[in-house]
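Engineer: starting from these lines, generate the structure:
(2 chains, ligands or ions: 2)
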Amino acid sequence: MSIIELNEIYTAYEGGDKPVIRDLSLSVKPGEYVVIGGPNSAGKTTLLESINGLIRITHGSATVCGLDLRRSGNEVRRRVGYVIQNFYFDPFTPFTVEEVVMMGRYGRMGLLKRPSRSDFEAVDKAIRLVGIEELAEKTIGTLSGGQQQKTMIAHNIAKEPEVMMLDEPFSNLDFNAREYLQGIFKNMAGNGTPILMVSHAFDGLPETRIHLVVMNRGRITYDNVCDADEVEPIIRDECAVV
Amino acid sequence: MFGFLIENNVVCHAVEAMVFASIACGILGVIISRMSLSSLGFTMSHAAFAGAAIGMFLGIGSQMAAIFFSAFVAALIGPVSDKAKMAADATLGVLFAMSMAVAIFLVSYMQYMGRGLTATNLLFGNVISLYREDIYALAAVSALTVIFVLAFFKEISALMFNMKIAEASGVRVKLVYYILLFIVAISVSLSLNIVGGLLIFVLLVTPASIASQFCFNVRSMFVAAPMIALSVSALGVWAGFKFTLPIAPLVALLLTFVFAISVILSFKRRINYKKY
Ligand SMILES: Nc1ncnc2c1ncn2[C@@H]1O[C@H](COP(=O)(O)OP(=O)(O)OP(=O)(O)O)[C@@H](O)[C@H]1O
Ligand SMILES: [Mg+2]
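Structural biologist: Ligands and ions are numbered 1, 2, ... in the order given. Now for the predicted structure:
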């Protein structure tokens, strides 16, 4: 059983002249560590946002976590973690790191519910796991880029997602932090939660088999399992062809 | 409500009205200024103004027409920004211009026909000739605002933090956003003939800005902004009657004055070098 099943999907931005994702099919199984590579503007971010329904797919069918994406987009988003590529928080944002991490659970709590004991426990655990305990009381807008990125990762870990999608989550992180967080994601995959990682840097990938997806101009040009040390050469190769 | 405190019935009504308008606008102001939707207040007040003008023109209740027309404009904001691929702020600008045009067109036309005298109330407000019902309606809408914030506190916080992240986490962003727009529309249209279309913006924006100078978290902002708004406006009403000054502009000036002071005194900008 696949957790993500995309069937010949097309995705277009409103007002865009042509679909950004074209005739794309993809299947992700529990516990897979998926690396999504490809050049800038290949459609990697668009693919992730099609999977959780932030952008509507215009054609084709998609099932995520056993739900029909077209009908239950919101329910899918409650279950799928997504660390976004670009964010900016102004210095006066009146929310602490702890509050922001808690927000990861707001969707799954549902309307009119207050955070319960288990919500606080999950938040606490995520903050400790990512190692940002000393930032918990700080307001997010005054942190460094890397600290904000860690907060957004903790926000999604606290969500306890069934699928974890990360869009260049290491772009602001130092070497130690990358290695450490890669370890966390490997563990998540090991526990059955598939990881979808968009990245241009391939250090610290798990030694287990990797499901590599290479995108170019809105299509998948490579979709197969490979070893960690093959990832970079394959992407180079695939992108040179075009 | 304040009858036991204030002998004069007119003053009493004015204070009550201002207090309720302040509660609703102060709370909503915290949300919309954080969401960079400050121009929402501006657009809504002009939509309400246009609605009231339509109501007068058609000879139906101007209050009701104001509510309907601003609710209609509120309903347009989301779809128009989506379809036109514009930021909500730009959409608000377009709708603001449209409302203003409708209002001025009708008011000028009615003046030309010799029946436009009451329109000045809508622009500058009038706290002196209020009815009981006006005050009940305002009390209801400020209660509605408080209930909205308490019930949807999580969702509102998530929206104030970041719309996209809120949506990605599975929060029902659209639902809460539309409820917010409608509550702003109703609050503004009801406050219109008290503070007036031109000054309601002050009640929405300034108390929230003052609160943000001193508050470090959302909870305290939600308490501080309406408190500031209602104490300053109660003071304004009192001073207005005592010294026979126009009340709404006086309140606006007082709030701006408090804002200036708060910027100067804000401890948020102080750095404690000694501690380090
Ligand atoms: N909001 C938008 N409206 C219209 N077109 C968009 C929008 N966002 C992205 N696109 C277009 O979609 C295409 C794919 O963009 P996408 O962000 O998915 O690329 P990417 O693979 O994530 O690139 P990068 O490595 O630079 O992050 C690009 O050509 C881009 O111009
Ligand atoms: Mg991208």
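Engineer: touching, A:Tyr106 and B:Glu155? I think so.
Structural biologist: Yes - at 6.8 Å, A:Tyr106 and B:Glu155 qualify as touching, with contact defined as C-beta atoms under 8 Å. All C-beta spots, glycine's among them, are computed from the backbone N, C-alpha and C.
Engineer: what touches both of those two?
Structural biologist: Shared between the contact lists of A:Tyr106 and B:Glu155 (criterion: C-beta atoms under 8 Å, 6 or more residues apart in numbering or on different chains) are residues B:Ala166, B:Val171.
Engineer: shaky segments in the stretch 51-200 of chain B?
Structural biologist: Flagging of the stretch 51-200 of chain B using pLDDT under 70 yields the residue ranges B:115-124, B:198.
Engineer: how distant is the worst-scoring helix or strand of chain A on mean pLDDT from the center of its chain?
Structural biologist: Comparing every helix and strand of chain A by mean pLDDT, DSSP states H and E singles out helix A:231-241 as the least confident one, with a mean of 87. Averaging C-alpha coordinates over helix A:231-241 and over its chain gives two centres that are 22 Å apart (C-alpha atoms, centre = their mean, to the nearest Å).
Engineer: near ligand 1, anything from that helix?
Structural biologist: No - Helix A:231-241 is not in contact with ligand 1 by C-beta under 6 Å from any ligand atom; minimum separation 11.5 Å.
Engineer: mind listing what's buried in that helix?
Structural biologist: A:Val231, A:Glu232, A:Ile234, A:Ile235, A:Glu238, A:Cys239 (16 or more other C-beta atoms under 10 Å in any protein chain shown).
Engineer: what do you get for stretch A:67-87?
Structural biologist: The neighbour-count check on stretch A:67-87 (16+ other C-beta under 10 Å) flags A:67, A:69, A:72-84 as buried.
Engineer: how about stretch B:215-225?
Structural biologist: B:Cys215, B:Val218, B:Met221, B:Phe222, B:Ala224, B:Ala225.
Engineer: just to check, the second one is in contact with A:Phe95?
Structural biologist: Yes - with contacts defined as C-beta under 8 Å, B:Val218 counts as touching A:Phe95 at a distance of 7.0 Å.
Engineer: anything in contact with each of these two?
Structural biologist: Overlap of the contact sets of B:Val218 and A:Phe95 (by C-beta under 8 Å, 6+ apart) consists of B:Ser157, B:Met160.
Engineer: can you give the contact residues for stretch A:12-26?
Structural biologist: Residues outside stretch A:12-26 that contact it (C-beta under 8 Å, 6+ apart) are A:4-11, A:43, A:46-47, A:50, A:55, A:57-60, A:213, A:218-220, A:223, B:82-83, B:85.
Engineer: my bad, should have said stretch B:53-66
Structural biologist: Taking C-beta under 8 Å, 6+ apart as the criterion, the residues outside stretch B:53-66 that touch it are B:48-49, B:51-52, B:69, B:102-103, B:106-107, B:109-110, B:115, B:118-119, B:122, B:134, B:137, B:189-190, B:192-193.
Engineer: write the PyMOL selection for whichever of those are buried.
Structural biologist: Command for PyMOL, covering only those of the contacts of stretch B:53-66 found buried under the criterion 16+ other C-beta under 10 Å:
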select buried, chain B and resi 48+49+51+52+69+102+103+106+107+110+119+122+134+137+189+190+192+193
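Engineer: okay, which residue is most central for chain A?
Structural biologist: In chain A, the C-alpha nearest the mean C-alpha coordinate belongs to A:Met165, at 1.7 Å (C-alpha atoms, centre = their mean).
Engineer: tell me the one of the buried residues of stretch B:215-225 nearest A:Gly37?
Structural biologist: Ranked by distance to A:Gly37 (C-beta to C-beta), the buried residues of stretch B:215-225 are led by B:Val218 at 39.7 Å.
Engineer: next, the spatially closest residue to the closest one that is not a sequence neighbour: phi, psi?
Structural biologist: Nearest in space to B:Val218, with sequence neighbours left out and distances taken as C-beta to C-beta, 6 or more residues apart in numbering or on different chains, is A:Pro94 at 5.2 Å. In terms of degrees, to the nearest 10, the main-chain angles of A:Pro94 are phi -90, psi 40.
Engineer: show me which residues of chain A sit near ligand 1.
Structural biologist: Those residues of chain A that sit near ligand 1, judged by C-beta under 6 Å from any ligand atom, are A:Tyr13, A:Gly16, A:Val20, A:Gly38, A:Asn40, A:Ser41, A:Ala42, A:Gly43, A:Lys44, A:Thr45, A:Thr46, A:Gln85.
Engineer: what distance do you get for the second one to ligand 2?
Structural biologist: Distance, A:Gly16 to ligand 2, by C-beta to the ion, to the nearest Å: 15 Å.
Engineer: A:Gly131: what's it in contact with?
Structural biologist: By C-beta under 8 Å, 6+ apart, A:Gly131 lies in contact with A:Lys150, A:Tyr180.
Engineer: quick one: contacts of stretch B:82-93?
Structural biologist: The contact list for stretch B:82-93 (C-beta under 8 Å, 6+ apart) reads A:14-15, B:36-37, B:39-40, B:42-43, B:76-78, B:80-81.
Engineer: gap between the two ends of it?
Structural biologist: The separation between the terminal residues of stretch B:82-93, taken as C-alpha to C-alpha, to the nearest Å, is 15 Å.
Engineer: mind listing what's buried along it?
Structural biologist: Neighbour-count burial for stretch B:82-93, with 16+ other C-beta under 10 Å as criterion, is recorded at B:Ala88, B:Thr91, B:Leu92.
Engineer: list the ones among those residues that fall in helices.
Structural biologist: Counting by DSSP state H, the members of these that fall within helices are B:Ala88, B:Thr91, B:Leu92.
Engineer: among those residues, find me the one that's closest to B:Gly170.
Structural biologist: The shortest separation between B:Gly170 and any of these is 21.7 Å, and it belongs to B:Ala88 (by C-beta to C-beta).
Engineer: shaky segments in chain A?
Structural biologist: Ranges of chain A meeting pLDDT under 70: A:241-242.
Engineer: the closest residue to ligand 2 within it in helix, strand or coil?
Structural biologist: Residue of chain A nearest ligand 2, by C-beta to the ion: A:Thr45 (3.1 Å). Put simply, A:Thr45 is helix when judged by DSSP: H, G, I helix; E, B strand; the rest coil.
Engineer: I'd say it and A:Gln85 touch.
Structural biologist: Yes - using C-beta under 8 Å as the test, A:Thr45 is close enough to A:Gln85 to be in contact (5.6 Å).
Engineer: where do the contact lists of those two overlap?
Structural biologist: Overlap of the contact sets of A:Thr45 and A:Gln85 (by C-beta under 8 Å, 6+ apart) consists of A:Asp167, A:Val198.
Engineer: what comes into contact with the helix ranked longest in chain A?
Structural biologist: With DSSP H applied, the helix covering the greatest number of residues in chain A is identified as helix A:175-190. Counting contacts by C-beta under 8 Å, 6+ apart, the residues outside helix A:175-190 that touch it are A:31-33, A:129-131, A:146, A:150, A:153, A:157, A:164, A:166, A:169-170, A:173, A:195, A:197, A:201, A:203-206, A:208.
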